[in-house]
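Trainee: please work out how this folds:
(one chain, ligands or ions: 1)
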Amino acid sequence: MAETSLSAEKLKRLLLRLPHECLGLDLSGISSSRLAKTVLRHLWQLIRNPNSAVTHRKRAQIILITLAFSAATAGSGICYGVYKLLANIRTGAFGRKPVMRRTRSQVMLANGARVMYVPYDENADNKKRVFIRPKNDDRYEHDKFLFKYLGKNKPSQLFYSKFLSQLSIIYRILVPTFTDRNSFLLAFQIFFLVMRTWLSLFVARLDGQIVKDIISGKGRKFLVDLLCWFLIAFPASYTNSAIKFLQRKLSLNFRINLTRYIHDMYLDKRLSFYKLAFDNQASSSVIANIDNSITNDVTKFCDAICSVFANIAKPVIDLVFFSVYLRDNLGTFGIVGIFVNYFITGYILKRWTPPLGKLVSKRSAAEGDYYNYHLNLINNTEEIAFYHGTKVERTKVNALYDYLMEQMLLVDRVKINYNILEDYVLKYTWSALGYVFASIPIVVTTYSTGINNEEINMREFIVNKRLMLSLADAGSRLMHSIKDIAQLTGYTNRIFTLLAVLHRVHSTDFNYGAAIDDLDLKVDEDSSFSTEAVRGTVQKGFNGIRFENIDVIIPSRYGKEGTKLINKLRFQIPPVPLLDSANSDSQINLSQKLMPQGPGSSMLILGPNGSGKTSIQRIIAEIWPIYNKNGLLSVPGAADLFCVPQRAYFIQGGTFRDQIIYPMSADTFYDAGHKDKELVHILGEVKLDYLLKRGKGWQYLDAVAEWKDVLSGGERQRMNFARIMFHKPRFVVLDEATNAISSDMEDYLFNLLKRYRFNFITISQRPSLIKYHDLALDIEGDETWRLQDLGTDEAITSIDKEIETLQEKLENVNLWEQERTALSRKLAYI
Ligand SMILES: Nc1ncnc2c1ncn2[C@@H]1O[C@H](COP(=O)(O)OP(=O)(O)OP(=O)(O)O)[C@@H](O)[C@H]1O
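Mentor: Below you'll find the predicted structure:
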């Protein structure tokens, strides 16, 4: 018992003496309530006072830094805890669960911003709120010129770097404003990087101090310094993980900014995703595999730029700090020696760096090709199976895979030699030189004073060696980043190409890849000079569809000199424009829109394969240009026009409802007050209501499937009619929309269109459809065409002629029947 109280007494005395020996602070007679205040004030004075002992000041700094970090961490933790608590109290998350069930995932705000709720764990109630700002069109108009003119007006060849210019433009997307959160994250990262270097300096000094304590056998001092070591380890480890976290967070934020920027241009009403195929860089691997570019290249670029930043910033800060500190220890000569060594090494390594940028870009392209081919296989499995095309596909896919492997190996192979050189120079030569430089001050002091104080020399050597090694490490990281920069150049180039092409295609004056220099654009009827390749006019909001002298030309680099399919096409639907233009207002009731229009007008476009029938639809949908200057296209507003493509499209992973209302989203469907009842009625109209019986009640509307595979060819085409019935556009263009449908159903569907008084243009190969149309446009090939009014004398005569030929054929029926009986008789003998 007495022994225990004795050791407790000893420990108490040791603890009381510790502040005195460690910090020169006498705590005897200080009451426990004033203890913390006294210690803090003493620490602050030690740092402020230039006359305080160096060891005491260092310890005071370490303790204060540790305390500040711990306080900041604890403070932010407490704040977050209180915030969560208040948020839970406000939303009433305690005790009872909210009864409201969210049926939609996103809400559109009045300013065009979108708020989405994304579930983030298995518990479906935990949703993250994602806020998407409205698209800023002015920004794209402004940025377009940055991409267009890059490199065209180089200020000077000497200082021009394509990589840095590209990066500076992309940087504006990554960090749009000075007050952006990414700026703060960058500032934080730099702060932690400086902090890390500062802490490394402390650790280096402490290291030397501990070794000195051990060699001189000062046990108590050793214990105190060891305590400091453990204390400094807190902020040191916190700093390292903070740097890593910030690097990751920045990379993700950059990716979000860049991806949204790309999506906004790629998927908007200017239909860049379609027009990309006509750009003059469409065959480049970046655009040909744009899916890979948007998903993989963007991710790799963001990771690369963040890691290059950290890999360069870290060693640069280290180099500055360590060299300032080392200058005091090694002298100017030593520091200059170190830096000369760096420059020589840097030069040698730069000369031997393989062209990694190009190789990495090639590897990315090969990855894209391979991935894309697999996608193509998945999308066409049935067709390939019918053709027995497995062998050809396997050969192709293997070839692509082999090429990908070759590219991957090539990158690694060229890295081998470089890595050998890098390791030899950076790991071994530099460490050897480090020992030389670290020993310089000791040798010089011993030589000049003739005294060899081993303890002090040991401490000096340990500190210098540690710093030298850190400096060498910083330098080598800087040199390693030469390789990373080379890779980043490749990714930057790919991302820049992607953005530049997107800007070009997204622009209102996109010329469909016409090479202006090749075109004789200066020659013009009114001799006015113009460099535009696309010079037709489009009039929107017209109460019909009108073609006025339009040359249908396949878009190509030859512009208006390209292959012409139809010459000066002219027609109008309805032939006399509807006077009631007020009805085109999308505000009015949809059923009203269809009512008192007079019968819907219709036109049938006939012609051989490849004559340009679908191309007319492409011009109506404004996805193909009108090249000739006197060509005028008049079309109704987007809400009044519905183009049905040859192959019906079905949205991936959507419900049956999503397919009927396409291109409307389910959210808009409910927002606009639509009801499932309407859809059931429409399905009945197009005779698809039997599909609903596959689920209980109307549950089938919520069924999710690969609808393009589930529905048969005819069903898919009837779904197109359901879409027309749902959207009720005033004008419909149907491209071979009934070729998989039985003739009785075809008859029913065309009568349905007529009953609802739609105005429609049908593209077909089958003259039998004439009976449902008022006009017939016959594309005869060789750029010629003929428009026939099916109610005119000419049309009636042609129909009469058709009847005459049929009657002539009928007269031969008796003869053919006799021939058939004779043949059957012969067959009976055999
Ligand atoms: N993106 C394109 N690039 C190059 N040529 C094209 C492109 N799209 C269509 N063409 C060509 O334009 C011509 C007309 O095509 P279009 O699709 O208009 O024919 P169509 O009359 O509808 O034929 P079909 O009855 O077979 O559907 C075809 O020779 C086709 O090869």
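Trainee: CA only for contacts and neighbour counts going forward, please
Mentor: Will do.
Trainee: could you point out which element follows whichever helix or strand residue 250 is part of?
Mentor: Residue 250 is part of helix 219-266 when elements are defined by DSSP states H and E. Downstream of helix 219-266, the next assigned helix or strand under DSSP H and E is helix 272-275.
Trainee: hang on, the earlier thing: and the helix holding residue 250, what does it pack onto?
Mentor: On a contact count with 3 or more Cα pairs under 8 Å, 6 or more residues apart in numbering; DSSP states H and E, helix 219-266 meets helix 2-23, helix 54-91, helix 162-174, helix 181-216, helix 272-275, helix 298-352, helix 454-506.
Trainee: if we use 10 Å, what do you get?
Mentor: Counting contacts by 3 or more Cα pairs under 10 Å, 6 or more residues apart in numbering; DSSP states H and E, helix 219-266 packs against helix 2-23, helix 54-91, helix 137-148, helix 162-174, helix 181-216, helix 272-275, helix 298-352, helix 454-506.
Trainee: so for the ligand, which of those helices sits nearest?
Mentor: Closest to the ligand of the helices and strands packed on helix 219-266, according to Cα to the nearest ligand atom: helix 272-275, at 9.3 Å.
Trainee: does anything pack onto the closest one? Which helices or strands?
Mentor: Using 3+ Cα pairs under 10 Å, 6+ apart, the elements in contact with helix 272-275 are helix 219-266, helix 454-506.
Trainee: setting aside sequence neighbours, what's the nearest residue to residue 407?
Mentor: Using Cα to Cα, 6 or more residues apart in numbering and skipping residues adjacent in sequence, the residue nearest residue 407 is residue 363, 5.3 Å away.
Trainee: and the one you found, that's in a strand?
Mentor: No: counting by DSSP: H, G, I helix; E, B strand; the rest coil, residue 363 falls outside a strand, being helix.
Trainee: any idea of the mean pLDDT in the helix holding residue 250?
Mentor: The pLDDT scores in helix 219-266 average 88.
Trainee: same deal with stretch 553-567?
Mentor: pLDDT averaged over stretch 553-567 gives 90.
Trainee: begin at 829 from here
Mentor: Yep, numbering from 829; the last one is stretch 1381-1395 now.
Trainee: got the CA positions of that stretch in CSV?
Mentor: Extracted in CSV, the C-alpha atoms of stretch 1381-1395 (Å, rounded to 0.1, in the frame of the first residue of the first chain):
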residue,chain,number,x,y,z
ILE,A,1381,-28.4,17.0,-101.3
ILE,A,1382,-26.5,14.5,-99.2
PRO,A,1383,-24.5,16.5,-96.7
SER,A,1384,-20.7,16.1,-97.3
ARG,A,1385,-17.5,18.0,-97.4
TYR,A,1386,-18.5,19.1,-100.9
GLY,A,1387,-21.4,21.1,-99.6
LYS,A,1388,-23.9,22.1,-102.3
GLU,A,1389,-21.7,20.4,-104.9
GLY,A,1390,-22.4,17.0,-103.1
THR,A,1391,-24.6,14.3,-104.5
LYS,A,1392,-28.0,15.8,-105.4
LEU,A,1393,-31.0,13.4,-104.9
ILE,A,1394,-33.9,15.7,-105.9
ASN,A,1395,-33.8,18.9,-107.8
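Trainee: buried ones in that stretch?
Mentor: For stretch 1381-1395, the neighbour count (16 or more other Cα atoms under 10 Å) marks 1381, 1382, 1383, 1384, 1385, 1386, 1387, 1388, 1389, 1392, 1393, 1394 as buried.
Trainee: any weak-confidence spans in the stretch 1229-1378 of the chain?
Mentor: Across the stretch 1229-1378 of the chain, the ranges flagged by pLDDT under 70 are 1266, 1269, 1278-1289, 1293-1294, 1296, 1344-1359.
Trainee: cutoff 80 now
Mentor: Counting by pLDDT under 80, the ranges of the stretch 1229-1378 of the chain that qualify are 1250-1251, 1253-1311, 1343-1360.
Trainee: with the stretch 1079-1228 of the chain instead?
Mentor: 1147, 1149-1167, 1169-1171, 1173-1174, 1176-1181, 1184-1185.
Trainee: go again using 50 as the cut-off
Mentor: For the stretch 1079-1228 of the chain, not a single residue meets the criterion pLDDT under 50.
Trainee: can you pull the phi/psi pair for the residue in the stretch 1279-1428 of the chain that the ligand sits nearest to?
Mentor: Per Cα to the nearest ligand atom, residue 1382 is where the stretch 1279-1428 of the chain lies closest to the ligand, at 5.8 Å. When read as degrees, to the nearest 10, the backbone of residue 1382 gives phi -70, psi 120.
Trainee: now do the contacts for the residue nearest to the spatial centre of the chain.
Mentor: In the chain, the centroid-proximal residue (Cα atoms, centre = their mean) is residue 1087; its distance is 2.8 Å. Neighbouring residues of residue 1087 by Cα atoms under 10 Å, 6 or more residues apart in numbering: 1001, 1081, 1122, 1123, 1126, 1127.
Trainee: tell me, how many residues neighbour the first one?
Mentor: By that I understand residue 1001. Using other Cα atoms under 10 Å, residue 1001 has 16 neighbouring residues.
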